[in-house]
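In: The following comprises the amino acid sequence and a computationally predicted model.
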Amino acid sequence: MTGLLAGRKALVTGAGSGIGAAIAEAFAVEGADLCLADKTTGVDLAEVARRCEEQGVNVCSVRADVADELDVARLFSEAEAALGDIDILVNNAGILTECRVADMSVAMFDEMIAIDLRSVFLCCRAALPAMERNGFGRIINVSSQLGQRGGAGLAHYSAAKAGVIGFTRALAREVATQGITANCIAPGPIHTALSAGLSKEWIASVSAGLPLGRFGVAAEVAPTAVLLASDPGGNLYTGQTLGPNSGDVML
């Protein structure tokens, strides 16, 4: 097997659809063996696995709730049993709901933090021992441009995604001397099942303000993950936030 990621073992969370599925398929094209994790092992995850296997790589699928500590431990145990040590981790799993702060319940806020932020901590913590032992690791955390600029009706989501960026920067400083990089991808508005749940009014207003004039698609985000995971392409990136965001945030 040849490719930019040949010989690597990658775990992608939220791999059943959207950006996670696109990243998994792009990694497979580049030769990485894959563990595909999602909260459900339904038809979508099976189909993503099938498409990845067509590239000639080894693939396992694991049902796991990555906001749950015990489930994350089981996920990594199964992934390592199937593939060996994981050296590329993509934390992509997340949810997106819409609510004004004045109307938001504590349960809604806590659910967002658990799924979109705590899961990143749990999966990174689980991945680090093997990466440290092997002196190599690539951690890629999917944040959002809303973690950089905020969004009305999305304060809980913006807070979680800003937390992912801050966590990633701190982690990058902790592990840099051990051959491990940690970076964020902060996509702008992307046509996925998550964004489909937002109001038409919000989607229309956001689209009108994008310099490139349109939402992206998941396949336009995946190459950024390939870059960050690859050698030498990703070698000098750590603690960074890359933004395939249609120009919504310019830093």
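Out: Received the coordinates, thanks.
In: Show me which helix or strand of the protein is least confident by mean pLDDT.
Out: Lowest on mean pLDDT, DSSP states H and E among the helices and strands of the chain sits helix 200-209, with a mean of 81.
In: Can you list the buried residues in it?
Out: Buried positions in helix 200-209, judged by neighbour count with 16 or more other CB atoms under 10 Å: 202, 206. Where C-beta positions appear, they are placed from N, C-alpha and C, glycine not excepted.
In: Tell me the helix or strand right after it.
Out: Counting by DSSP states H and E, the element after helix 200-209 in chain order, helix or strand, is strand 216-217.
In: I would like the residues contacting stretch 51-64, please.
Out: By CB atoms under 8 Å, 6 or more residues apart in numbering, the list of residues contacting stretch 51-64 from outside reads 1, 13, 15, 24-25, 27-29, 31-41, 45-46, 49, 71-72, 74-75, 78-79, 82-83.
In: gap between the two ends of that stretch?
Out: One end of stretch 51-64 sits 21 Å from the other (CA to CA, to the nearest Å).
In: ok, which stretches of the stretch 151-251 of the chain are strands?
Out: Taking DSSP state E, counting those that start in this stretch as the test, the strands found in the stretch 151-251 of the chain are 180-185, 190-191, 216-217, 241-242.
In: now the nearest residue to residue 108 once chain neighbours are set aside, what's its secondary structure?
Out: Setting aside the residues directly before and after it, residue 108 is nearest to residue 99 in space (CB to CB, 6 or more residues apart in numbering), at 6.1 Å. Here residue 99 is coil, with the state taken from DSSP: H, G, I helix; E, B strand; the rest coil.
In: in terms of contact, does residue 99 touch residue 151 like I think?
Out: No. Contact status for residue 99 versus residue 151: not in contact, 11.6 Å apart, counting by CB atoms under 8 Å.
In: Dump stretch 199-211 to PDB, restricted to CA.
Out: Extracted in PDB, the C-alpha atoms of stretch 199-211 (Å, rounded to 0.1, in the frame of the first residue of the first chain):
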ATOM      1  CA  SER A 199     -33.300  27.000  11.000                       C
ATOM      2  CA  LYS A 200     -33.700  28.100   7.400                       C
ATOM      3  CA  GLU A 201     -33.500  31.700   8.500                       C
ATOM      4  CA  TRP A 202     -30.100  31.100  10.200                       C
ATOM      5  CA  ILE A 203     -28.700  29.200   7.200                       C
ATOM      6  CA  ALA A 204     -29.800  31.900   4.800                       C
ATOM      7  CA  SER A 205     -28.400  34.800   6.900                       C
ATOM      8  CA  VAL A 206     -25.000  33.000   7.300                       C
ATOM      9  CA  SER A 207     -24.700  32.200   3.600                       C
ATOM     10  CA  ALA A 208     -25.300  35.800   2.600                       C
ATOM     11  CA  GLY A 209     -22.400  36.900   4.700                       C
ATOM     12  CA  LEU A 210     -19.700  34.500   3.500                       C
ATOM     13  CA  PRO A 211     -17.000  36.000   1.400                       C
END
